[in-house]
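>>> starting from these lines, generate the structure:
(one chain, ligands or ions: 1)
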Amino acid sequence: MLAALAEPVIHHRARDYRQIYERCLARLRDVYRTQNDVLMFTTSGTGAFESAVANLTSPGDRQLVLSAGNFGERWAGMVQAFGAELIHLRLDWGETPEPDDLRSALAGGDVRVVYLTHSETSTGVVCDVQALASVAREAGAFVVVDGVSSLGAVPLETDAWEIDVVVSGSQKALMCPPGVAFVSVSAAALEAASRAGAPRYVLDWERTRRAQAKLDAPFTPAVSIVRALDVALGLLLDEGLEAAFDRHARLGRACREGAKAMGLELFSPDEERSAVVTAIRSPEGVDATEVVSELRDRFGITIANGQGELKGKIFRIGHIGWFDVFDITTALAAVELVLADAGAEIERGVAVTRALEAWAEHTPV
Ligand SMILES: *Cc1c(COP(=O)(O)O)cnc(C)c1O
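Model prediction:
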């Protein structure tokens, strides 16, 4: 994958590129598990999400955003920026959205679009997006899912779960540099887009769909990243999606069990589904900002701080993409050292052992 990034930059209208483009689009459909078009944009995940809002909104439309963390909040702000009438179902950060919450919020009727965040990376919660999407569809709304950090890590069935739009990006579980993002679009959503009044040009779905159908990107794509993405998607599909989902579930379990063994309190749910990022409360008296910078400075290990109101209170260990169990045990061992040096009361010498045991357990999901 890294070698693909170093390949000469070929012309995006040359035959060599078209072959890569075609294979990459086909592989994306496989990873999305969809027959729908997956449209590719040269932008980050947020840009692809904006394509969904721009193509599905006419000013004054009633649209609902379910938020329970930083990314959900972002989508609420975006929907408002496009002039929709926002119904904001706003849960506390770290809460797991339940279908009944959504059902009640939709009871007012006439909501055209529902936006869901599958994996809320700021909190570690992975919701039951299948159940939530089903509630939204029963209410007659289009369903847009933020799958930026979930696609390729945990099960996400675009067609089987009848999700109109799934947004994702190159740089999370798909293991590539940032810069390319995608959105799968159902026939009904494409048709609705042709009547949506919000202005757009670069992010226009129909313009991109028409060009992609001829393997001719409407604008210059990030050629090197598409090359890398083609390789990365190949790796994922060679491993097999089910095997990759199982690996992620076991990585998440190893991380949670290791953290608990040293006496830490989880912020993200202690459940198999939350296999994208594990959020851990920083012990009393220890600032998570310090933990994050110590890990980086002393060991070259990157973990993440809390976002927004959780900054300094939690730290997050990500485990998606090119990740194996030793990445987890290494991170846990380093967290243990840093916390012990900071004077936290933690249990020494057990986290790595417990993580390896948990990794070895095969509990069918
Ligand atoms: C990273 C992330 C995004 C934002 O994507 P960008 O590529 O940074 O624009 C959106 N949603 C979720 C859930 C994410 O994890």
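
>>> please count neighbours and contacts with C-alpha atoms only from this point.
Noted.

>>> what's the burial count for the residue lying closest to L2 once chain neighbours are set aside?
Nearest residue to L2 in three dimensions, chain neighbours excluded: A228, at 6.9 Å (CA to CA, 6 or more residues apart in numbering). A228: 25 surrounding residues under other CA atoms under 10 Å.

>>> just confirm A228 is within a helix.
Yes. Assessed by DSSP: H, G, I helix; E, B strand; the rest coil, A228 belongs to a helix.

>>> give me the phi and psi for R90.
With angles defined as degrees, to the nearest 10, R90 sits at phi -110, psi 110.

>>> how about it, what does it touch?
Shown in contact with R90 (CA atoms under 8 Å, 6 or more residues apart in numbering): V65, L66, S67, A68.

>>> same question, A259
With CA under 8 Å, 6+ apart, A259 has these contacts: E265, L266, I280, L332, A351.

>>> cutoff 7 Å now
A351 (CA atoms under 7 Å, 6 or more residues apart in numbering).

>>> how near is it to R103?
35 Å (CA to CA, to the nearest Å).

>>> how is this protein partitioned into domains?
Following automatic domain parsing, one finds the domains of the chain at 2-239, 241-361.

>>> could you dump those domains to a markdown table with mean pLDDT?
Converted to a markdown table, those look like this (pLDDT from 0 to 100):
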| stretch | mean pLDDT |
| --- | --- |
| domain 2-239 | 97 |
| domain 241-361 | 97 |
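
>>> need those in CSV with distance to the ligand, can you?
Converted to CSV, the domains of the chain look like this (distance: least, CA to the nearest ligand atom, whole Å):
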stretch, distance to the ligand
domain 2-239, 4
domain 241-361, 9
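
>>> quick check on R27: phi, psi?
Here is the backbone geometry of R27 (degrees, to the nearest 10): phi -70, psi -40.

>>> partners of the closest residue to V183 other than its chain neighbours in the sheet?
Nearest residue to V183, sequence neighbours excluded (CA to CA, 6+ apart): V167, at 4.4 Å. Residues in a beta bridge with V167, per DSSP bridges, are D146, V183.

>>> wait, isn't V167 in contact with S150?
No. V167 lies out of contact with S150 (CA atoms under 7 Å); the separation is 10.0 Å.

>>> show me the contacts for the residue nearest to V183.
Contacts of V167 by CA under 7 Å, 6+ apart are A48, F49, V145, D146, G147, V148, F182, V183, S184.

>>> Provide the secondary structure category for the second one.
Using three-state DSSP, the secondary structure recorded for F49 is helix.
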